[in-house]
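A.B. asks: Can you look at this prediction? I've put the sequence above it.
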Amino acid sequence: MKVTKIFKVVEDILFIILLGILCYTIYSVHVYKTVGFFEYHFFRILSNSMEPTFEVNTCIIVKEVDEDDLKVGDIITFRADTTEIYGEYNTHRIYDIELDESTGRKRYVTKGDYFEYEDKVRVEYEDIIGKYNSKMPFSDQISWLVEKLSNNKVYFCVIIFPLILCFLSYVYQLLDILFVEKGSES
């Protein structure tokens, strides 16, 4: 009997942890368009600017790196400052590294593999999320899911509503267990 209760408690704790991770992941994708765990971040390529290296909708893993580890030829993901995509994430290759003489800091010249010319805006290290690490397995399926979950109605129907039902069911089960144990003690 005690072993069963221990397994039930462990099961409940694991369920809560997994539910928390799932909620965090879904929230991050919905709000920030990315998910990060420790030094790794996950992104979806949204344009053809990196073809043929990455096709549109390829999901990639990016790892945070020190500034000294960045070199010409590395593929980086950064927060863009250009007016066309201000604040959005962009994944391009480092084409050159310049030294800003007024500040003494490095500025990264980037270029999409698809384009002939470099990007106009220089990237500061603070805007770099990380360096390309690998493609994600099941990239097409993940990309499809992220795209569908970007729609608020689909997001609510597929994620929020079932989570609410699951949570209410869980609360009901806990209350039922508490009242049954209280009733057996009296």
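C.D. replies: Received, thanks.
A.B. asks: Going by C-alpha atoms from here, please, whenever you check contacts or count neighbours.
C.D. replies: OK.
A.B. asks: host element of residue 163?
C.D. replies: Residue 163 is located in helix 161-185, with elements delineated by DSSP states H and E.
A.B. asks: So for that helix, what gets flagged as buried?
C.D. replies: For helix 161-185, the buried set under the neighbour-count rule, 16 or more other Cα atoms under 10 Å, comprises residue 163.
A.B. asks: Same check on stretch 38-53?
C.D. replies: By neighbour count with 16+ other Cα under 10 Å, stretch 38-53 contains the buried residues 40, 41, 42, 43, 44, 45, 46, 48, 49, 50.
A.B. asks: Over to it now: how far is its first residue from its last?
C.D. replies: 26 Å (Cα to Cα, to the nearest Å).
A.B. asks: tell me how far that stretch is from the chain's mean position?
C.D. replies: Mean-position distance between stretch 38-53 and its chain equals 11 Å (Cα atoms, centre = their mean, to the nearest Å).
A.B. asks: and what of stretch 137-155?
C.D. replies: 12 Å.
A.B. asks: list the buried ones in stretch 124-131?
C.D. replies: 124, 125, 128, 129, 130, 131.
A.B. asks: With respect to residue 107, which of those is nearest?
C.D. replies: Residue 107 has its nearest neighbour among those in residue 124, at 5.2 Å by Cα to Cα.
A.B. asks: before we move on, the earlier item: tell me how far the helix holding residue 163 is from the chain's mean position?
C.D. replies: How far helix 161-185 lies from its chain's middle: 33 Å, per Cα atoms, centre = their mean.
A.B. asks: Quick one: low-confidence residue ranges for this protein.
C.D. replies: 1, 30-32, 81-85, 139, 181-186 (pLDDT under 70).
A.B. asks: Show me which strand runs longest in it.
C.D. replies: Longest strand of the chain, by residue count under DSSP state E: strand 89-100.
A.B. asks: what residues does that one touch?
C.D. replies: By Cα atoms under 8 Å, 6 or more residues apart in numbering, the residues outside strand 89-100 that reach it are 45, 49-50, 71-80, 105-113, 118.
A.B. asks: cool, stretch 45-56 as well?
C.D. replies: Applying Cα under 8 Å, 6+ apart, the contact partners of stretch 45-56 are 57, 58, 59, 60, 91, 92, 112, 113, 114, 115.
A.B. asks: List the beta-bridge partners for the residue nearest to the spatial centre of the chain.
C.D. replies: Nearest to the mean C-alpha position of the chain, by Cα atoms, centre = their mean, lies residue 35 at 1.6 Å. On the basis of DSSP bridges, residue 35 is bridged to residue 42.
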